[in-house]
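# only geometry, no sequence info:
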């Protein structure tokens, strides 16, 4: 899959253009310049192929250290991209910073598309021709808000992609071994596409698992540092100021036979403490949505500070949402310096004991700074996903039914159990009198299921119905 980086100075409409290409509001769009601070990624689909598109933070004139980090990450996105889309503002015309961006793109030597954005009416269209004709060799005029010019961008991307893939598929030796009449227009593109698939392993990749995971937690507990430790290089902004991640950043990532889409979300404070007109308020709303649609949620907590009320609130939300859950006890390196060698396990057990309602979750000690516990964390995510997707066989459910019949409170209930869903596993319990089943008794049924079969890492959901009643 080809990578496309969207670059430009701040406030030229990069994120709005990104969202128009993606088809949904993935990246924050707000009045405040520089709203996007991280590299936000999403897979977009043209009529012919998929692209991994990266929305970057943008280039600033200010010398603020946070902006320096953002610009460095924008440069990094350009370095890894196959195609660059450089965006300029039709309403302001080119300025000194636009010259800087244009020169960076041209010096990269990579295929590019120049886009003049915010062409929202005919007058701006005429103005854009005057302002940019001598500045750019060729450009597409767009209005990202009304999606004018989006189809033309996709068409141009496909044209460039064809050339890139042909050059990748046919080496110099391959080219000179072709008969002369096959060179140029007569090249069989279908055979080239087949060769591309063979070289890229695309057919094998389509069979991989696809696991959506979210990293959530309070501000400044080390979520972005943990994501960067997993990826092996800085992808999310790490800075001393709490709450430096504003977007929910989507990052494709492979581990063993699984494809993850890692989502690093903004830190979540109590909403009562957040100004409703602020960018942070909108960002936190995106975090809640990301948790709701994730397969596995990694709740990152500060092990030095311990489990807070807000941590418990987040864990409770994940349990109700039905996602699998792994708790990353981050900054464990600080605890190791304070505890004897054998004290860490007891410390972890003590933290687990503060959240008994999710005792089924994996608790993994990690240190983003020392890259400690990363493999164990990833393995726990995979195990949780498998538990979350588990479907018991009828013979296995009969074993559970037999165990239930031995319980005193089930003596006159004639219990039957069925699995009616996965992700998370959902069970229907048929009994004679549903009103006679108490919550603690359902917990006992859950305990039997977990003791008999490995459901660690996932919540289990139950419905209690009278015999013969529809689910």
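Cool, got the structure. Nothing here was measured: the structure is a model prediction, and the numbers come from that model.
# The longest helix seen in the chain packs against which elements?
Assignment by DSSP state H gives helix 150-169 as the longest helix of the chain. Using 3 or more CB pairs under 8 Å, 6 or more residues apart in numbering; DSSP states H and E as the contact test, the elements touching helix 150-169 are strand 2-7, helix 14-22, strand 83-89, strand 112-117, strand 140-141, helix 189-200. To be clear about C-beta, it is placed using only N, CA and C from the backbone, and glycine gets the same treatment.
# swap the cut-off to 7 Å and go again
strand 2-7, strand 112-117, strand 140-141, helix 189-200 (3 or more CB pairs under 7 Å, 6 or more residues apart in numbering; DSSP states H and E).
# Tell me where the model's unsure across the stretch 251-400 of the chain.
Applying pLDDT under 70 to the stretch 251-400 of the chain flags residues 263-290, 292-293, 341.
# Name the nearest residue to the residue lying farthest from the centre of the chain, ignoring sequence neighbours.
In the chain, residue 412 marks the outermost C-alpha relative to the chain mean, sitting 48.6 Å out by CA atoms, centre = their mean. Excluding the flanking residues, the one nearest residue 412 by CB to CB, 6 or more residues apart in numbering is residue 432, at 6.6 Å.
# Give me the distance between that neighbour and residue 440.
Going from residue 432 to residue 440 by CB to CB, to the nearest Å gives 19 Å.
# Looking only at neighbour counts, state which of the two leads.
Counted by other CB atoms under 10 Å, residue 432 and residue 440 do not tie: residue 432 has more neighbours, with 12 against 8.
# Burial check on residue 112, number of neighbours?
Other residues close to residue 112 by other CB under 10 Å number 22.
# partners of the residue nearest to it when sequence neighbours are not counted in the sheet?
In space, and not counting its chain neighbours, residue 112 is closest to residue 84: 4.5 Å by CB to CB, 6+ apart. Counting by DSSP bridges, residue 84 is bridged to residue 5, residue 112.
# doesn't residue 104 make contact with residue 84?
No: because the distance of 8.9 Å does not satisfy CB atoms under 7 Å, residue 84 is recorded as not touching residue 104.
# who has more neighbours, those two?
Neighbour totals were compared for residue 84 and residue 104, and residue 84 leads with 23 against 16 (other CB under 10 Å).
# what packs against the host helix or strand of residue 427?
Using DSSP states H and E, residue 427 sits within strand 426-431. With contacts taken as 3+ CB pairs under 7 Å, 6+ apart, strand 426-431 sits against strand 416-421, strand 461-466.
# Reformat these as CSV; add mean neighbour count and distance to residue 212.
Converted to CSV, the helices and strands packed on strand 426-431 look like this (neighbours: other CB atoms under 10 Å; distance: least, CB to CB, whole Å):
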stretch, mean neighbour count, distance to residue 212
strand 416-421, 17, 18
strand 461-466, 16, 19
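# which one of the ones you listed lies closest to residue 349?
Of all those, it is strand 461-466 that lies closest to residue 349, at 27.0 Å by CB to CB.
# Identify the neighbouring strands of the closest one in the sheet and state each direction.
Here strand 461-466 is paired, per DSSP bridges, with strand 426-431 (parallel).
# Other residues contacting the strand it pairs with?
Here strand 426-431 makes contact (CB atoms under 7 Å, 6 or more residues apart in numbering) with 413-420, 437, 445, 460-467, 471.
# in whichever helix or strand comes after that strand, what counts as buried?
The helix or strand immediately downstream of strand 426-431 is helix 439-452, counting by DSSP H and E. Of all the residues in helix 439-452, those buried under the rule 16 or more other CB atoms under 10 Å are 441, 442, 445, 446, 448, 449, 450.
# what sits against the third one?
The contact partners of residue 445, taken as CB under 7 Å, 6+ apart, are 404, 429, 462.
# Please apply the same query to the first one.
Taking CB under 7 Å, 6+ apart as the definition of contact, the neighbours of residue 441 are residue 409.
# Check the gap between residue 130 and residue 93 for me.
On the measure of CB to CB, residue 130 and residue 93 end up 9 Å apart.
# between the two, which one's more packed in?
Shown here are residue 130 and residue 93; by other CB under 10 Å, residue 93 has more neighbours (15 against 9).
# Quick check: which element contains that one?
Counting by DSSP H and E, residue 93 is found in no helix or strand.
# go on, residue 137?
Under DSSP H and E, no helix or strand contains residue 137.
# What distance do you get for it to residue 147?
For residue 137 relative to residue 147 (CB to CB), the value is 25 Å.
# more neighbours, these two?
When residue 137 and residue 147 are compared for neighbours, residue 147 comes out ahead with 15 against 10, by other CB under 10 Å.
# Could you tell me how far the more buried one is located from residue 378?
38 Å.
# do residue 88 as well
Counting by CB to CB - residue 88 and residue 378 are separated by 41 Å.
# ok, these two, which is more surrounded?
Taking other CB under 10 Å, residue 88 and residue 378 do not tie; residue 88 has more neighbours (26 against 20).
# What pLDDT does the model give the nearest residue to that one once chain neighbours are set aside?
Here the nearest residue to residue 88 in space, its sequence neighbours aside, is residue 116; by CB to CB, 6+ apart that works out to 5.1 Å. Looking at residue 116, its pLDDT reads 96.
# Show me what residue 116 is bridged to.
Going by DSSP bridges, residue 116 forms beta bridges with residue 88, residue 141.
# Residue 467 against residue 432, yeah?
Yes: using CB under 7 Å, residue 467 is in contact with residue 432, at 6.4 Å.
# Residue 260: what secondary structure?
With DSSP: H, G, I helix; E, B strand; the rest coil as the basis, residue 260 sits in strand.
# Chain neighbours aside, what residue packs nearest to it?
Among residues not flanking residue 260 along the chain, residue 253 sits closest, at 4.6 Å (CB to CB, 6+ apart).
# Look at that neighbour and say how many residues are nearby.
Neighbour count for residue 253, taken as other CB under 10 Å: 17.
# how far does the helix or strand harbouring it sit from the chain's center?
Assessed by DSSP H and E, residue 253 sits inside strand 249-255. Taking CA atoms, centre = their mean, to the nearest Å, the mean C-alpha location of strand 249-255 is offset from the chain mean by 6 Å.
# State the three-state secondary structure for residue 125.
Under three-state DSSP, the three-state class of residue 125 is helix.
# so what's it up against?
119, 141.
# again, 10 Å this time
90, 116, 119, 141, 143, 148 (CB atoms under 10 Å, 6 or more residues apart in numbering).
# Kindly report the same for residue 316.
The contact partners of residue 316, by CB under 10 Å, 6+ apart, come to 355, 357, 358.
# Report the separation between it and residue 423.
Distance from residue 316 to residue 423, by CB to CB: 19 Å.
# before we move on, what about residue 324?
For residue 324, the distance to residue 423 - CB to CB - is 9 Å.
# same check, this time on residue 360
Taking CB to CB, one finds residue 360 at 15 Å from residue 423.
# So which of these two has more stuff around it?
Neighbours were counted for residue 360 and for residue 423 using other CB under 10 Å; residue 360 has more, 19 against 15.
# you'd agree that one is up against residue 451?
No: between residue 360 and residue 451 there is no contact under CB atoms under 10 Å: 11.3 Å.
# Check for me that residue 310 belongs to a helix.
Yes: checked against three-state DSSP, residue 310 lies within a helix.
# Use 284 as the first number from now on
That works, and once the first residue is 284, the last one we named lands at residue 593.
# what's the burial count for it?
Residue 593: 16 neighbours (other CB under 10 Å).
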